[in-house]
Each structure stands twice: as structure tokens, then as C-alpha cells.
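# Structure here, sequence nowhere to be found:
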């Protein structure tokens, strides 16, 4: 991969066994919107991606997927209005508006 610190992939979290205790001990893993996963680039993390049928992405491709997903969530939040509702009431009903995310 072009980046020697992290590997980037897209895969669906399948529940129990998706990330094992051994995986967590062997490398750092973090999930992001759009089923994007970032892990320390090492032999064990590449095996984890393969085990979970992940599709490798470049950092730019992964960031684009995350950004598009966050932007869709922002638009949905902006479009979900109730007449006469205050900002505080909207936040209580929907939660806070999504914020931009930069993957490492």
C-alpha cells in the first residue's frame, strides 16, 4: 500500500468474531461511516481484512466514502424539520448534526 502506517478497507461488521481479542492485541482498528475500517498496516491486519472479506481502498478512496456518508447524514438532518420546532427540540429529537470526519 502507498501508506505504510495504515491500511484502509471497506467491509460489513458481522458481529461476534468480526474483531477478536487477538486482533485487538495485535493491531489498532477503528471503524468509520460507510463501513470504512482503518487498521495499523501489518501482516495480522491484512489477514483480518481478508478473513472478513474486506475490500482494500486507498486513503483517498476511503476518505471520499466517509465524507459522502457524513454529507448524506447532514443533508438528511437538515431536511428533517417539524414546523415550529426550536433548534434545541430538533437536537433532542434527532441528536446532534453529523460532523466532518478526517480518517488518519
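That came in fine, so what should we check first? Computed from a prediction, not measured in an experiment: that's the story for all the values here. Residues are numbered from 1 along each chain as shown.
# Hmm, residue 38 is touching residue 10, no?
No: using C-beta atoms under 8 Å, residue 38 makes no contact with residue 10, being 10.8 Å away. For glycine as for every other residue, the C-beta is placed from the backbone atoms N, C-alpha and C.
# Which of these two has more residues huddled nearby?
Taking neighbours as other C-beta atoms under 10 Å, residue 38 and residue 10 compare with residue 38 leading, 23 against 17.
# Helix, strand, or coil at that one?
strand (DSSP: H, G, I helix; E, B strand; the rest coil).
# Please renumber the chain so that the first residue is 22 from this point on.
Sure thing, new numbering starts at 22, so read that last one as residue 59.
# what about the strands in the protein?
Taking DSSP state E, the strands of the chain run over residues 27-31, 50-53, 57-61, 76-78.
# one step back: shared neighbours, residue 59 and residue 31?
Listed as contacting both residue 59 and residue 31 by C-beta atoms under 8 Å, 6 or more residues apart in numbering are residue 83.
# got a list of what the closest residue to residue 84 other than its chain neighbours touches?
Distance criterion C-beta to C-beta, 6 or more residues apart in numbering; nearest residue to residue 84, sequence neighbours excluded, is residue 124 at 5.5 Å. Taking C-beta under 8 Å, 6+ apart as the criterion, residue 124 is in contact with 29, 53, 57, 59, 80, 83, 84, 87.
# of all those residues, which two lie farthest apart?
Greatest spatial distance in those: 53 and 80, 11.8 Å, computed using C-beta to C-beta.
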